[in-house]
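J.: I would like to see how this sequence folds:
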Amino acid sequence: LADTNGRPSLAPSALEREDRSGRMVFFFKTDLEFTMYLAPQYFGPRMRSYIKDEIVKSVEGTCLGREGYVIAVMELKNDDIDTGVVEYDTGMVSVNARYSAILLRPFKNEVVDAVVTQVNEIGFFSEAGPLAIFVSRHAMPEDLQDGYDADVESWISEDKEVEIKQRCVVRLKLLGVTCDTNEITAVGTIKDDYLGLISMGTAY
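T.: Numbering: from 1, shown residues only. Prediction:
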């Protein structure tokens, strides 16, 4: 099997990312294309099943740059898999397939729940699914900003009622989102109303 490549469909309707009220949404469904090269040993009655399995394994959990992370392949019909074109130099067959998938695409000012993965003296790192989010100490409430305890690797409020540590769950707002080819990262804040610690339990 040679290299594979998934790319977004160019259909404008497939890239709609607003709900009926006009707000940007965190998850959306879109149509994508996938191109793969098959060696002759994969030809036969199970070729389409093999192609479907390879697409799911290759694209789920990957980042498509500004389009977002592929969370799940929703639909891939046999009719959406082209017959293929033989590459005479290699004997491989180039096959295009169309499928629909759920993508995660974060936006600035989005409010999300995230699991804290690392805590240090400059802030903490967290994850919302595949999205990595950093929260600086300056983006915490004032009663937390000087509350880092290196012995327990936690941010503790002055009244001791809030303790942000690894594996707890926080609600935060995204201040900025950076999209690279293979990764999306973000910075967030827990300084606004209704943000901050929401669970001390084991998150995973």
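J.: neighbours around the nearest residue to residue 87 once chain neighbours are set aside, how many?
T.: Spatially, and ignoring its direct neighbours in sequence, residue 87 is nearest to residue 94 (5.9 Å; Cβ to Cβ, 6 or more residues apart in numbering). Where you see a C-beta, it was placed from the backbone N, CA and C, and this is true even at glycine. Residue 94 has 15 neighbours, counted by other Cβ atoms under 10 Å.
J.: Repeat that for residue 120.
T.: 12.
J.: so what's the closest residue to it other than its chain neighbours up against?
T.: Leaving aside its sequence neighbours, residue 120 sits nearest to residue 153 (Cβ to Cβ, 6+ apart; 7.4 Å). The contact partners of residue 153, by Cβ atoms under 8 Å, 6 or more residues apart in numbering, come to 119, 120, 165, 166.
J.: which among those gets closest to residue 90?
T.: Proximity of the contacts of residue 153 to residue 90 was ranked by Cβ to Cβ; the top entry is residue 166 with 48.9 Å.
J.: Which of the three states applies to the closest one?
T.: Here residue 166 is coil, with the state taken from DSSP: H, G, I helix; E, B strand; the rest coil.
J.: Just list the residues touching it, thanks.
T.: Listed by Cβ under 8 Å, 6+ apart, the contact partners of residue 166 are 116, 117, 118, 119, 153.
J.: okay, those in a markdown table with pLDDT and secondary structure next?
T.: Putting the contacts of residue 166 into a markdown table (pLDDT from 0 to 100; DSSP: H, G, I helix; E, B strand; the rest coil) gives the following:
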| residue | pLDDT | secondary structure |
| --- | --- | --- |
| 116 | 96 | strand |
| 117 | 96 | strand |
| 118 | 96 | strand |
| 119 | 96 | strand |
| 153 | 93 | coil |
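J.: for this protein, what spans make up the strands?
T.: 5-8, 27-38, 69-75, 85-86, 93-104, 111-120, 123-128, 131-136, 148-149, 154-156, 163-164, 169-179, 184-189, 196-199 (DSSP state E).
J.: Excluding chain neighbours, what is closest to residue 55?
T.: Using Cβ to Cβ, 6+ apart and skipping residues adjacent in sequence, the residue nearest residue 55 is residue 34, 5.0 Å away.
J.: Please tell me how far the residue nearest to residue 120 sits from residue 190.
T.: The gap separating residue 153 from residue 190 is 17 Å, by Cβ to Cβ, to the nearest Å.
J.: For the chain, give me the ranges with low pLDDT.
T.: 1-25, 201-204 (pLDDT under 70).
J.: which ones are touching residue 91?
T.: Counting by Cβ under 8 Å, 6+ apart, residue 91 touches 39, 40.
J.: count of neighbours near residue 49?
T.: 11.
J.: scratch that, residue 119 is what I was asking about
T.: 22.
J.: Test my guess that it contacts residue 164.
T.: Yes. Counting by Cβ atoms under 8 Å, residue 164 is a contact partner of residue 119 at 6.8 Å.
J.: can you list residues touching both of those two?
T.: 154, 155.
J.: quick one: the residue nearest to residue 55 and residue 103, what's the gap?
T.: For residue 34, the distance to residue 103 - Cβ to Cβ - is 14 Å.
J.: No further questions, thank you.
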